[in-house]
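**Q** Okay, predicted coordinates and the sequence, questions at the end:
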Amino acid sequence: MNLLSLEQVSVAFGHHPLLSSISVTAEQGEKIAIIGRNGTGKSTFLKVITGELIPDEGVVRTSGGTKVAQLPQELPPADGKTVKQVVSEGRKKEYELLTRYYALLEDDTTDHSDELLSIQHKLDDHQGWDLEQKVAQIIQRLQLPENAKMADLSGGWRRRVILAQALLSEPDILLLDEPTNHLDVPTIEWMEKQLQQFRGLILFITHDRRFLEQLATRIIELDRGNLTSFNGSLSAFLEFKNKQLEEEERANALFDKKLAEEEVWIRQGIKARRTRNEGRVRALQALRRERSERIERQGNVRMQLDKTEQSGKLVAEFKQVAHHFEDKEILKPMDLLVSRGDRIGLIGPNGCGKSTFLKILLGQLTPSTGNVRQGTKLNIAYFDQLREQLDLEKSVAENVGEGKDTVEINGRSKHIIGYLSDFLFSPERARTPVKALSGGERNRVLLAKLFTKPANLLVMDEPTNDLDVETLELLEELLSSFTGTLLLVSHDRAFLDNVVTSVLAFEGQGVVREYVGGYQDWIRQGGTFNFEPERPETLQKTEVTEKQPPPNKVTKTVKKLSYKLQRELDSMPDQIAQLEEQLALLQEKTSKENFYLGDQAEVQKTLLTITELEATLETAMERWMELEEMQD
């Protein structure tokens, strides 16, 4: 059944066309991945479907009675609402009617019979009497803690709640914009299973290639305003795309040759302009117009690492290393040998101890027990540290060049503007303050800065965030050819499989095991995560016993924190909620079409405030997780 059609739809911002007379149809049961380079119009495409953005030209049609729901990038607020309340808002009209109906029934001070009768009719019309049953069913299916407050849930669990809210509305079309952002691997795999069971039409944007492969039945690519539809896997599409681009390059080369020949002819003199040649002159003018209107494909990132002398054969050795925070065991005693040339992936849920492990290995943290021996001649480049070193007020060139006009790569001097062009920064963009860049652009700045550092030990914490597929593949090639040692933290399963030669799996209760191969090899060898973060029954029990003596298990947990730390932990949810609300308001402000046309000083001030709030929020979340780990 055809649920959606776009006919000759065009959207442009200024002279930059995002959608150029595109047409496409989609049917029930399809799960369509929307891919394309950063800034090609993927989010715009979804906004056109929801009606949030009216196209400049063309028509968007949905079949009669079609319901559309969207899972936004932003998480729902960490406020005092219960999970049940938030899920119920998926059918907001019926929820408000039922809430009002029961409130009137409890009010015996006034006769509300007329209003009650009116609400009854409305609930009958909207089939609202079964709302509570449907809410209970969706909560049970997604294993949610219905009585828990949103402020008590992590980002991953709040993502589950907002998905339940979207599914409750029983949409025919479900739109997802980067649904796996900031989720760990177990939660991503849980979401895959839930979406595979959805019977309607799904259109989704993601840079997670494994998620895309598992879910997509069709791929739509947006490229320079054009749309390409492909039935098949991502790998098959990329092969098809490469052949298509080769054909385009051949056609462009023939066109340019013809244009050059005609340009030579027109300069031969006045004879070329006689009447009998006017047709040829007009044809040349048409060629010039066609050439000027050609939208050049954005180039590929060209990366190379600055090499340095080899490290010693031994990079690091752990002997019965263990660590704990108060009574929380983070790492059980473990032995580990890291040798030159190893490429090791660190996998595990958020908060499992990966960052603690890296700090111990790099000598930034002393383990509770055991010994760590570092190798010799180590030159370390740490991706996460560079993230903090970016000066948002300075330009891209100033950040990467550190005040110099040139950088030295493998013994050769290169002008900073030329070097940044390898990372797809035009001269104008290279002189733009970092605070005005998108997430993907900032990540490219980080990579550009990282690769100017001579290194034989690379430590990279989530380097793939916001990178498009082409850049991810080029980064994979670079890291695979890196002759030094690599430690990589990532939730991108495909990236891990393509880059690392072994994984350290943080499997729960402080247990860390080493496996040969990548993520899929870990699965094949029987690897599992033995974590129980925020089990729904635990959260429900805590909620139910608010007015009763708390269970022994909870009492013991609370006593493990000092009075000062417990007060800090209790204040964290409200602090995080306030930060998220402020951030949401500012992000909504920047999403408006005329935002960047306003006063530039105000624009830059707003962007800087967003960056500062994001950093503060990330610090608060990490501190909250640390305190939670202490009391578990």
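**A** Nice, I can see it.

**Q** which element follows the helix-or-strand element of the chain with minimal mean pLDDT toward the C-terminus?
**A** One helix or strand of the chain scores below all others by mean pLDDT, DSSP states H and E: helix 552-559, with a mean of 34. Using DSSP states H and E, the helix or strand that follows helix 552-559 towards the C-terminus is helix 563-590.

**Q** So what's the gap between that next one and the chain middle?
**A** 21 Å (C-alpha atoms, centre = their mean, to the nearest Å).

**Q** Offset the numbering so it begins at 15, please.
**A** OK, 15 is where the count begins now, so the last one is helix 577-604.

**Q** list the helices and strands the helix or strand following that helix packs on?
**A** Counting by DSSP H and E, the element after helix 577-604 in chain order, helix or strand, is helix 614-645. In terms of contacts (3 or more C-beta pairs under 8 Å, 6 or more residues apart in numbering; DSSP states H and E), helix 614-645 is packed against strand 328-339, strand 342-353, helix 577-604. C-beta coordinates here come from the backbone N, C-alpha and C atoms, glycine included.

**Q** Could you list the low-confidence segments of the stretch 15-164 of the chain?
**A** In the predicted model of the stretch 15-164 of the chain, residues 28-30, 53, 87 satisfy pLDDT under 70.

**Q** what ranges do the helices span in it?
**A** 56-64, 97-102, 106-120, 127-139, 145-155 (DSSP state H, counting those that start in this stretch).

**Q** for those helices, which one sits closest to Asp166?
**A** helix 97-102 (9.5 Å; C-beta to C-beta).

**Q** what's the closest one packed up against?
**A** helix 145-155, helix 169-182.

**Q** Give me whichever of the helices of the stretch 15-164 of the chain is most buried.
**A** helix 97-102 (a mean of 24; mean count of other C-beta atoms under 10 Å).

**Q** circling back to that earlier point, of the helices and strands packed on helix 97-102, give the one that comes closest to Thr604.
**A** helix 169-182 (21.0 Å).

**Q** which residues sit against the closest one?
**A** 83-86, 89-90, 92, 97, 100-105, 148-149, 152-153, 156, 158-159, 164, 167, 188, 193, 196-198, 201, 204-205, 208, 212, 364, 547-548, 635 (C-beta atoms under 8 Å, 6 or more residues apart in numbering).

**Q** next helix or strand past it?
**A** That would be, after helix 169-182 and using DSSP H and E, strand 187-191.

**Q** contact partners of that following strand?
**A** So strand 187-191 is in contact with 17-18, 40, 57, 60, 63-64, 76, 80-87, 180-181, 209, 212, 214-220, going by C-beta under 8 Å, 6+ apart.

**Q** From these, list the buried ones, please.
**A** Buried members of the contacts of strand 187-191, scored by 16 or more other C-beta atoms under 10 Å, are 17-18, 40, 57, 60, 63, 76, 80, 82-85, 180-181, 209, 212, 214-220.

**Q** Keep only those of those residues that are in strands.
**A** Using DSSP state E, the members of the buried ones among the contacts of strand 187-191 that fall in strands are 17-18, 40, 76, 82-85, 215-219.

**Q** Need the max-distance pair from these.
**A** Among those, Thr76 and Ile219 lie farthest apart (C-beta to C-beta), at 19.2 Å.

**Q** any low-confidence regions in the stretch 515-646 of the chain?
**A** Under the criterion pLDDT under 70, the flagged ranges of the stretch 515-646 of the chain are 545-577, 605, 607, 610-611, 632, 636, 639, 642-643, 645-646.

**Q** okay, the helices and strands packed on helix 97-102 in JSON lines with distance to Glu120 next?
**A** Shown next, in JSON lines, are the helices and strands packed on helix 97-102 (distance: least, C-beta to C-beta, whole Å):
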{"stretch": "helix 145-155", "distance to Glu120": "16"}
{"stretch": "helix 169-182", "distance to Glu120": "25"}
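
**Q** I'd like to know which of those lies nearest to Leu111.
**A** Closest to Leu111 of those is helix 145-155 (C-beta to C-beta; 8.9 Å).

**Q** For the closest one, output the C-alpha coordinates as PDB.
**A** The C-alpha coordinates for helix 145-155 follow below in PDB (Å, rounded to 0.1, in the frame of the first residue of the first chain):
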ATOM      1  CA  LEU A 145      -5.900   4.200  26.100                       C
ATOM      2  CA  GLU A 146      -4.800   2.900  29.500                       C
ATOM      3  CA  GLN A 147      -4.800  -0.700  28.200                       C
ATOM      4  CA  LYS A 148      -2.700   0.300  25.200                       C
ATOM      5  CA  VAL A 149      -0.200   2.200  27.400                       C
ATOM      6  CA  ALA A 150       0.200  -0.800  29.600                       C
ATOM      7  CA  GLN A 151       0.800  -3.000  26.600                       C
ATOM      8  CA  ILE A 152       3.400  -0.800  25.000                       C
ATOM      9  CA  ILE A 153       5.200  -0.300  28.400                       C
ATOM     10  CA  GLN A 154       5.200  -4.100  28.900                       C
ATOM     11  CA  ARG A 155       6.500  -4.700  25.400                       C
END
